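K.L.:
let's see this in three dimensions:
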Amino acid sequence: MAGLTSGESALRRARTARNLTLEEAADSLNQITGGATDASLLSAWETGRRRTGAKNRAGLCQLYRERPEVLFAHQDGEATSVLETSGTAVVVQVLTRWTDLVEAMVDVAAGAREQLVVTGSRSREKAYLAAIETAVAQHPDLVHYRVLYGPPRHRALADHLLRLLELRDPSARRNAPGAPNVSRPPVAPRLPSPTAC
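P.N.:
Modelled structure (predicted):
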């Protein structure tokens, strides 16, 4: 595997953006994974001289709060290198089956660590709602927003919202930063229907 030919990898930029030395980053990673990574190995991953294994990839994603497609684009070849330079905004996946959509929604909810914004009043997919509840329960600093476009249309969503309020009472001061935020946008005035002349 060839090393980087130009510029820094996103993996190195993530470390330096947090003002971590190689040694500090390796120690932090080892606390997450229980491994024995040293500064030399971390440097080899950053330059692309060595490929990072699955366990350490997951640990580095957690440490740097970034997607693997971005952090390891330099190791995974030219097909994903655009992600390294552009960030996650260019990650696009076309979902053609309902099951793929539900799986993607569950993955997004399960991977949320800082903020999770959800829209809609029709949600009723049990696995998705459960993934949101689990993320809120397991990550006290996670800020969860739910934007409703009307009252909940299904009992499953209404029950889900109540469970979220049970997990984090918005009126309790200690939970205020991570308490669920539920809002409903103002109703826009109806425009007259176009008529043919």
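
K.L.:
from Tyr145, how far off is Ser123?
P.N.:
From Ser123 across to Tyr145, the span is 14 Å (Cβ to Cβ, to the nearest Å). Yep, even glycine has a C-beta here, placed from its N, CA and C like the rest.

K.L.:
so which of these two has more stuff around it?
P.N.:
Neighbours were counted for Ser123 and for Tyr145 using other Cβ atoms under 10 Å; Ser123 has more, 21 against 13.

K.L.:
who are the contact partners of the more buried one?
P.N.:
Going by Cβ atoms under 8 Å, 6 or more residues apart in numbering, Ser123 touches 129, 154, 156-157, 160.

K.L.:
would you list the phi and psi of it?
P.N.:
phi -60, psi 140 (degrees, to the nearest 10).

K.L.:
tell me where the chain has helices.
P.N.:
Remark: helices assigned in the chain by DSSP state H are 10-17, 22-33, 39-47, 54-64, 68-71, 73-76, 81-86, 98-111, 126-138, 155-167.

K.L.:
so which elements touch the fifth one?
P.N.:
If you count contacts as 3 or more Cβ pairs under 8 Å, 6 or more residues apart in numbering; DSSP states H and E, helix 68-71 packs onto helix 10-17, helix 54-64, helix 81-86.

K.L.:
as CSV, those helices with mean neighbour count and distance to Val108 would be great.
P.N.:
CSV is the format used below for these (neighbours: other Cβ atoms under 10 Å; distance: least, Cβ to Cβ, whole Å):
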stretch, mean neighbour count, distance to Val108
helix 10-17, 20, 20
helix 54-64, 18, 14
helix 81-86, 16, 17
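
K.L.:
low-confidence stretches in this protein?
P.N.:
Applying pLDDT under 70 to the chain flags residues 1-7, 77-93, 169-197.

K.L.:
hmm, back to that, tell me which of the helices and strands packed on helix 68-71 sits nearest to Ala135.
P.N.:
Counting by Cβ to Cβ, Ala135 lies closest to helix 54-64 out of the helices and strands packed on helix 68-71; the figure is 13.8 Å.
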